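Undergrad: Could you work out the structure for the sequence below:
(chains A and B)
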Protein chains: 2
Amino acid sequence: MAEEIFQNDTIKQILGHYRKIWAIGHAQSVLGWDMEVNMPKMGITERSTAQGELSVLSHNFMLEPKFVELVEKAAGEELNDYERGVVRVLQREIKIAKAFPPEFVRELSEVRSKATMAWAEAKEKDDFKKFEPWLDRIIELSKKAAEYLGYDEYPYDALLDLYEEGLRTRDLEPIFGKLEKELKPILDKILEEGNVPREHPLEKEEYDIEAMKKVNLKVLELLGYPLRTRGRLDVSPHPFTTGFGIHDVRITTRYEGFDFRRTLLAVVHEFGHALYELQVDERFMFSPIAGGVSLGIHESQSRFWENIIGRTREFARLIYPILKENLPFMSKYTEEDLYSYFNIVRPDFIRVEADEVTYNMHIILRYKLEKLMVNEDVKASELPELWNDEMERLLGIRPKNYKEGILQDIHWAHGTVGYFPTYSLGTLLATQIRSYILKDIPDFYEKVANGEFAPIREWLREKVHKYGSVYPPKELLERSFGEGINPEYFISYIKEKYLG
Amino acid sequence: MAEEIFQNDTIKQILGHYRKIWAIGHAQSVLGWDMEVNMPKMGITERSTAQGELSVLSHNFMLEPKFVELVEKAAGEELNDYERGVVRVLQREIKIAKAFPPEFVRELSEVRSKATMAWAEAKEKDDFKKFEPWLDRIIELSKKAAEYLGYDEYPYDALLDLYEEGLRTRDLEPIFGKLEKELKPILDKILEEGNVPREHPLEKEEYDIEAMKKVNLKVLELLGYPLRTRGRLDVSPHPFTTGFGIHDVRITTRYEGFDFRRTLLAVVHEFGHALYELQVDERFMFSPIAGGVSLGIHESQSRFWENIIGRTREFARLIYPILKENLPFMSKYTEEDLYSYFNIVRPDFIRVEADEVTYNMHIILRYKLEKLMVNEDVKASELPELWNDEMERLLGIRPKNYKEGILQDIHWAHGTVGYFPTYSLGTLLATQIRSYILKDIPDFYEKVANGEFAPIREWLREKVHKYGSVYPPKELLERSFGEGINPEYFISYIKEKYLG
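TA: Prediction:
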């Protein structure tokens, strides 16, 4: 038997009660995954009601006075790190659950689903007006949410904290300030030198979907994803990862039939998310700390596999034979072609297709607009123009329509204002982790070239994954790496990689 | 808007409370389906805990005093048929939930899962001894369950009622008595005359699984299964149907690579189950009457499509082109070959592979043994011999091992003693429905030949499906057909079909 890590009696009682909340969460995840991957269209009629009912149940169990009291009691007792983690995570969840009055939760949920439908139609017809009133509602509700949650400096801080525990505007200002200042000249220089491709013939190559599925599965096997025993790869409109516990963590991708890097690097990216959930300490099972601690740390894992491993010459060399075997057009291309195809740099409109150099610019743009939305009095009607101006300033290009501008992302329609910055945090942190792992595993790149991923997975487990949510994100980074998010690593990495 | 069918205020309150029980049931169904169809092996660690927790939640909500009181209150009020249906179904579920003390439920659940594991091993090794002590436990717990539930005549009645509301031994005795008496001479005569094949070369033909999947999908389209909008076809170890509500009813089949009738007729069978759930009155959504009323009525629907439609010359003619187009070996066979392949009659050991003529004998055997188990003092150790003797008496063949004898079915390991008779009830009722539909749709067989299934689906909707669980099974049959289960129809049907 594994050593018993939860010793405190109050904690044991808490975990006993928590098990039903955990079970509902498990069910909600399976229902959500099924909705994206399998559900026949009309299933939504019953599925959305089931999800709504389960949310209410879970919310009510979380706020049961007996449970809340136990958590408060435990907070005053002598606890080990794991137990403190349990209390911290639950206090946070209880605080958030308590903050919003039921009418507000209902209104938010209704506005979210209507706004999402309006957004989809607006995007399809490239008609911002259809989304505008809903975006105004979202802005208004985001401000209200910030007031309910409370904050010290800016209302926006309350929202940031929802997605990244402890994150404040004052943390982001120096990071994004530095990036904005440094990245533009680097980008200009890359484009000026012309050594990095701005486009590539492989973008146009059409692939057979069944062949590409085979490639993705082989790549996942190489990376060490436990297909069939603890994971699956499926198809959904947007790639995502979902964990139903430590022993069943599934990923999805999509197949567009051309530009295979999009599906392949999505799979590598999602593998990074999945590995984090798969390597959490098994003893945390059924507890509130049995999962990745925050969106930013999660994204650092996916970006590490996508960018730091997936976009290297070594990785291109490793997977080249798999591609050549399954995709007939690959015989026209070399390993070096594959590498440059994975590393095109091009100022472009769409965030999810952005390269390593320009990606953070897309986030800075959204971060600036979100601050205006939540801290100031900007109206939805003003945002498209602000978006386009900022895009032009940051990347030197101006969207010609709403689809490639403000209507491209679903996030605001979903009401998740404050989420975008975590993408940048993860992207930056991935490059920090690269530096740290190179110290411990100096032949890291050689290992990638040989497909020896076990020691890399092990290192990530020991430094990050196994802790689950025991420590808040900032503390985890301090403990494992001795520093927090530091954009210098990213800037050096980009300079070194793209300007030699 | 659809007419409001639930008018009574107490009923409205009941349905409000019931919605969370419904949502948990929905989640449990999705989790169960996922477990059979998708789940990576190790996912069981967390999945079984989640299912256990959800069962407890649902059980507790069902027995909440406030809820139980409302149901009792409604029972005394003036109600319409739908409302009475709601009260009847809930009273029954509450009665069953109340009957078993928590320790008993826990013990049963534990013994079930251990017995199932022991059964799987025993079957694989053909070693009955490994299962014997567990079967003794199952017998003991079944007897206890009968005592908790209560009964008027035989303990076995209490178990029968669990699977088929209102079913008693006294209903089954004359039915099975008649079948046993009449079927043996019919079978002997069929075998003696030799006009019906006992084996067929198509049993040996190997098929390509992808091609067979295409066939199954095309057949489902012909039948009118709403693939993609309200249904799916997937793969699982054993074919089954599961409904997540009226708008999402999924079926599964398996592909063994030979003897394609097994997968094809399984799909037609499961379609019959699915159609029942899909055609329940939409206004019942989220209520306890929004689903098929009993296992026997359900099986009548699956058997109707499998036997009454699927095993006809007209159906063979209809699907022959699909088979020929997708399975190369079919060019060696005629439509008539296909028909005889679907209608082999052969005394054999395995129930799930049995033909129309011998199928009920397999159930009679199990019914006799179950009565001994529950009403008498038979020990598990005596059962294999009893099984083999009865098999020899009924079908003239004697199992040479346990696998093709007492270890073939999972039901007893699952603790579902009393379930088997519903298979016969459904099989008999399907032939009754054939007679009734022929009166209303005299060109029924012509319609099958032309693939005109819409009027047949419509007829089934009006006579059976739309009622969901409004009426208990016996009342439903009386109302729609003016009589209950009557084995005469089956006997005439078999005589007519196989002895011309």
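
Undergrad: can you list the domains in chain A?
TA: Chain A breaks down into these structural domains: A:1-99, A:110-500 (assignment by automatic domain parsing).

Undergrad: Tell me which residues touch whatever residue of the stretch 301-450 of chain A ends up closest to chain B, please.
TA: Nearest residue of the stretch 301-450 of chain A to chain B: A:N326, at 17.7 Å (CB to the nearest CB). For every residue, glycine as well, the C-beta is placed using N, CA and C. By CB atoms under 8 Å, 6 or more residues apart in numbering or on different chains, the residues touching A:N326 are A:211-212, A:214-215, A:218.

Undergrad: Which members of those residues are classed as buried?
TA: For the contacts of A:N326, a burial check counting by 16 or more other CB atoms under 10 Å in any protein chain shown picks out A:212, A:215, A:218.

Undergrad: Just give the closest residue to A:A97, not the sequence neighbours.
TA: Counting by CB to CB, 6 or more residues apart in numbering or on different chains, A:A97 lies nearest to A:M62, which is 4.9 Å off, once chain neighbours are set aside.

Undergrad: quick one: the one you found and A:L149, what's the gap?
TA: Separation of A:M62 from A:L149 (CB to CB, to the nearest Å): 16 Å.

Undergrad: what about these two, which has more around it?
TA: Each of A:M62 and A:L149 has its neighbours counted (other CB atoms under 10 Å in any protein chain shown); A:M62 has more, 20 against 17.

Undergrad: unless I'm mixing things up, that one is touching A:K95, no?
TA: No. Assessed by CB atoms under 8 Å, A:M62 is found out of contact with A:K95, at 10.4 Å.

Undergrad: what about A:W412, which helix or strand?
TA: Of the helices and strands defined by DSSP states H and E, none includes A:W412.

Undergrad: coming back round to it: what score does the residue nearest to the residue of the stretch 301-450 of chain A closest to chain B when sequence neighbours are not counted have for pLDDT?
TA: Leaving aside its chain neighbours, A:N326 sits nearest to A:A211 (4.5 Å; criterion: CB to CB, 6+ apart). A:A211 is assigned a predicted lDDT (pLDDT) of 98.

Undergrad: Show me how far the helix or strand that contains A:A211 is from its chain's centre.
TA: Using DSSP H and E, the element containing A:A211 is helix A:209-223. The gap between where helix A:209-223 is centred and where its chain is centred comes out at 22 Å by CA atoms, centre = their mean, to the nearest Å.

Undergrad: Following the chain onward from it, which element is next?
TA: Following helix A:209-223 in sequence, per DSSP H and E, is strand A:233-235.

Undergrad: packing partners for that next one?
TA: helix A:209-223, strand A:249-253 (3 or more CB pairs under 8 Å, 6 or more residues apart in numbering or on different chains; DSSP states H and E).

Undergrad: Turn those into TSV, including distance to B:Q51.
TA: Below are those laid out as TSV (distance: least, CB to CB, whole Å):
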stretch	distance to B:Q51
helix A:209-223	28
strand A:249-253	18
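
Undergrad: Need the winner for burial among the ones you listed.
TA: strand A:249-253 (a mean of 25; mean count of other CB atoms under 10 Å in any protein chain shown).

Undergrad: Tell me the strands beside that one, with direction?
TA: Counting by DSSP bridges, the strands paired with strand A:249-253 are strand A:233-235 (parallel), strand A:241-243 (antiparallel).

Undergrad: Average pLDDT for the last one, rounded please.
TA: It refers to strand A:241-243. On average, strand A:241-243 scores 97.

Undergrad: And for stretch A:457-466?
TA: Averaged over stretch A:457-466, pLDDT sits at 98.

Undergrad: Within range of chain B, give me the residues from the stretch 51-200 of chain A.
TA: Proximity of the stretch 51-200 of chain A to chain B is confined to A:52-54, A:56-57 under the rule CB under 8 Å from any CB of the partner chain.

Undergrad: same thing but at 6 Å, please
TA: Contact residues (CB under 6 Å from any CB of the partner chain) of the stretch 51-200 of chain A with chain B: A:53-54, A:57.

Undergrad: can you tell me which of those residues are in helices?
TA: Counting by DSSP state H, the part of those found in helices is A:53-54, A:57.

Undergrad: who wins for neighbours among the residues you listed?
TA: Neighbour counts for those (other CB under 10 Å) peak at A:L54, which has 22 neighbours.

Undergrad: which ones are touching it?
TA: Neighbouring residues of A:L54 by CB atoms under 6 Å, 6 or more residues apart in numbering or on different chains: A:24, A:28, B:23.
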